[in-house]
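J.: Sequence and computational prediction follow.
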Amino acid sequence: MRGHRRRGRGPRFDSSANRRAYGEIHLLELKPAARGRRVRVLCLGAHSDDIEIGCGATILQLARARPRAEFRWVVWSATGVRATEAKQGARKFLGSAAADAVALHGFRDGYFPAEFANLKDSFETLAREFTPDVIFTHGRDDRHQDHRIVSDLTWNTFRDHLILEYEIPKWDGDHGQPNSYVPVSRSEALRKARALMDAFGTQRNKDWFSEETFLGLMRLRGMECRAPEGYAEAFNMRKAILDF
Ligand SMILES: [Zn+2]
């Protein structure tokens, strides 16, 4: 969420030629909560691994920048071994804060449209319990039906909040043109990719589930926003209220 200032760090991606061409770039900072105040972050994912894939590196960066941040990490379909993996994944990104942050549900994988009423009730309960400053959720145009329902219910439930829709690489090839970027360090990008491989053993046999996929997408998004170390995660931010 923080805009960044280019000061010549990372010569590989911020060459002096680039600086000559574009000059110093100063982006406005978007501050989800005033510095010093505890920022509340809500992460929503349909399945175990969605949050980590969509915004894992951003969470690492956010937790580093805001050590007092309060997280709520909700996975709507996580039972059996997938529940164990969801907890492992959250721990790798939130550390000890995961213990109080993680909430797992048992909705049936692939059938969220048929579970809409119960899911809506569950969202309403969540909104009564936790008031976030920023929400990470699935994209409105995601072609996976479960992802789309979570996105729709996020917008339906949270009407006064900053919502950032993350990306999930998949067979459908439904990547669009995101409008918001969070540059992350190369070490955070690598840490995310490795944590995904470590935490989600049931997914490792899927042809797309690889460090290369995750790093490749972050590298592309880093290129698009001229990230200092070349890596970023991208989001769709459909509404933002500016108060100058
Ligand atoms: Zn998913």
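T.: Arrived safely, thanks for sending. Residues are numbered from 1 along each chain as shown.

J.: Quick one: the strands in the chain, in order.
T.: Secondary structure of the chain (DSSP state E): strands located at 40-47, 70-77, 102-104, 134-137, 162-165, 180-184, 231-235.

J.: now the shortest one, how far from the chain's geometric center?
T.: Taking CA atoms, centre = their mean, to the nearest Å, one finds the center of strand 102-104 at 16 Å from the center of the full chain.

J.: List the contacts of that strand.
T.: 72-75, 78-79, 83, 86-87, 90, 126 (CB atoms under 8 Å, 6 or more residues apart in numbering). Yep, even glycine has a C-beta here, placed from its N, CA and C like the rest.

J.: for these, which one is nearest the ion?
T.: residue 75 (9.4 Å; CB to the ion).

J.: Tell me how many other residues crowd the closest one.
T.: Other residues within reach of residue 75, judged by other CB atoms under 10 Å, total 29.

J.: so who does it touch?
T.: 45-48, 50-51, 86, 102-105.

J.: Which single one of these is nearest to residue 187?
T.: Closest to residue 187 out of the contacts of residue 75 is residue 51 (19.9 Å), distances taken as CB to CB.

J.: Show the pLDDT at the residue of the chain found nearest the ion.
T.: Closest to the ion within the chain is residue 47: 3.7 Å, counting by CB to the ion. Residue 47 is assigned a pLDDT of 97 by the prediction.

J.: How about residue 160?
T.: At residue 160, pLDDT is 88.

J.: which phi and psi does it have?
T.: Torsion angles at residue 160 (phi, psi; degrees, to the nearest 10) stand at phi -130, psi 40.

J.: Count the residues that sit near it.
T.: 6.

J.: and the strands of the chain, which is most packed in?
T.: strand 231-235 (a mean of 28; mean count of other CB atoms under 10 Å).

J.: how close does the most centrally placed residue in the chain get to residue 99?
T.: Centroid check for the chain by CA atoms, centre = their mean gives residue 55 as the closest residue, at 2.1 Å. In this view, residue 55 and residue 99 are 20 Å apart by CB to CB, to the nearest Å.

J.: follow-up on the earlier one: could you list every residue that touches the residue nearest to the centre of the chain?
T.: Contacts of residue 55 (CB under 8 Å, 6+ apart): 43, 136, 164, 166, 182, 233, 235.

J.: Farthest-apart pair in those residues, please.
T.: Using CB to CB, the pair of those lying farthest apart is 43 and 182, separated by 13.5 Å.

J.: residues of stretch 113-131 that come out buried?
T.: 115, 119, 122-123, 126-127, 130 (16 or more other CB atoms under 10 Å).

J.: If we check the ion, which of those residues are in contact?
T.: Among the buried residues of stretch 113-131, no residue is within reach of the ion (CB under 5 Å from the ion).

J.: Can you add pLDDT and give these back as CSV?
T.: Listed next are the buried residues of stretch 113-131 as CSV, based on pLDDT from 0 to 100:
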residue, pLDDT
115, 97
119, 98
122, 98
123, 98
126, 98
127, 97
130, 96
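
J.: which one of the residues you listed is nearest residue 228?
T.: The closest of the buried residues of stretch 113-131, once distances to residue 228 are taken by CB to CB, is residue 130, at 32.9 Å.
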